[in-house]
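# Turn this into a structure:
(2 chains)
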Amino acid sequence: GAGVSQSPRYKVAKRGQDVALRCDPISGHVSLFWYQQALGQGPEFLTYFQNEAQLDKSGLPSDRFFAERPEGSVSTLKIQRTQQEDSAVYLCASSLGTQNSPLHFGNGTRLTVT
Amino acid sequence: GESVGLHLPTLSVQEGDNSIINCAYSNSASDYFIWYKQESGKGPQFIIDIRSNMDKRQGQRVTVLLNKTVKHLSLQIAATQPGDSAVYFCAEKVGGATNKLIFGTGTLLAVQP
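Here you go, the predicted model:
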């Protein structure tokens, strides 16, 4: 079966532009997570959805970051007025949502802000 | 693609040897732990998990050991192969409803043929 799919694979944005990153989770996975990974670092939690409800957004670094999952499947992470410090790989993961079910990650979107 | 292993602790082993990668986790309330493997340009790939009520779990060529007393986790890889070369992360779930994982800093495993 298909894994977690993310698009675009690479995104270059000029400082100040808005970007939208898409995640298609594994079919039937209730939980969806967004992580940010800087070069040479481990992934850092951004936000979490259970179905369409955003239950935890404590990791979003500023109000320029916004995530949605309106129908409980595909999710979009939007970054407004991008800054150079936003350059990173953005990873999406999904899980069944049962207690202690592992997260399955996509290959990420590499965002470069110039 | 570029390496995700820059400035990471590195473990260099010979092909065929056993590898042990260590991880110290931060929260004594963590109840679930996962090891992930990340190759350059790819997302983290699930290897093996363990719950806090266990101290050892074995998979195919891999074993995870959990020592809650000292908050230490290790991953043992038997008969290491060149395809095992990657960055390895441990991750902990603190508990509660979120199921979110907190990742460690990672270890680069370099397998020499």
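# does the residue nearest in space to the middle of chain A have beta-bridge partners, and which?
Taking Cα atoms, centre = their mean as the criterion, residue A:34 is the residue nearest the geometric centre of chain A, at 3.3 Å. Assessed by DSSP bridges, residue A:34 has beta-bridge partners residue A:47, residue A:92.
# same deal with residue A:13?
residue A:113.
# Show me which residues of chain A sit near chain B.
By Cβ under 8 Å from any Cβ of the partner chain, the part of chain A that sits against chain B consists of A:4, A:31, A:33, A:35, A:37, A:39-45, A:48, A:55-56, A:91, A:93, A:95, A:97, A:99-108. C-beta: built from backbone N, CA, C; applies to glycine.
# which of those residues are buried?
Listed as buried from these are A:4, A:31, A:33, A:35, A:37, A:40-45, A:48, A:56, A:91, A:93, A:95, A:100-108; burial here means 16 or more other Cβ atoms under 10 Å in any protein chain shown.
# Just checking the helix-or-strand element of chain B with minimal mean pLDDT against chain A, any contact.
Each helix and strand of chain B was given a mean pLDDT (mean pLDDT, DSSP states H and E); the minimum falls on strand B:101-103 at a mean of 93. Yes - counting by Cβ under 8 Å from any Cβ, contacts between strand B:101-103 and chain A involve B:101-103.
# If you rank these by neighbours, which is first?
residue B:101 (26 neighbours; other Cβ atoms under 10 Å in any protein chain shown).
# Now do the contacts for it.
A:33, A:45, A:103, B:34, B:91-93 (Cβ atoms under 8 Å, 6 or more residues apart in numbering or on different chains).
# Dump those residues to a markdown table, plus pLDDT and distance to residue A:78.
Shown next, in a markdown table, are the contacts of residue B:101 (pLDDT from 0 to 100; distance: Cβ to Cβ, whole Å):
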| residue | pLDDT | distance to residue A:78 |
| --- | --- | --- |
| A:33 | 97 | 16 |
| A:45 | 96 | 18 |
| A:103 | 93 | 22 |
| B:34 | 95 | 28 |
| B:91 | 95 | 26 |
| B:92 | 94 | 29 |
| B:93 | 91 | 27 |
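# quick one: which of the residues you listed is nearest to residue B:43?
residue A:103 (9.9 Å; Cβ to Cβ).
# how close does that closest one sit to residue A:31?
Applying Cβ to Cβ, to the nearest Å, the value for residue A:103 to residue A:31 is 8 Å.
# Just the pLDDT at the residue nearest to residue B:15 when sequence neighbours are not counted, thanks.
Residue nearest to residue B:15 in three dimensions, not counting chain neighbours: residue B:113, with 5.2 Å by Cβ to Cβ, 6 or more residues apart in numbering or on different chains. If you check residue B:113, the pLDDT there is 88.
# cool, and residue A:32?
With respect to pLDDT, residue A:32 scores 97.
# Touching, it and residue A:91? I think so.
No - taking Cβ atoms under 8 Å as the definition, residue A:32 is not a contact partner of residue A:91, at 11.4 Å.
# Span of stretch A:26-33 from start to end?
12 Å (Cα to Cα, to the nearest Å).
# For it, which residues meet the burial criterion?
By neighbour count with 16+ other Cβ under 10 Å, stretch A:26-33 contains the buried residues A:26, A:29, A:31-33.
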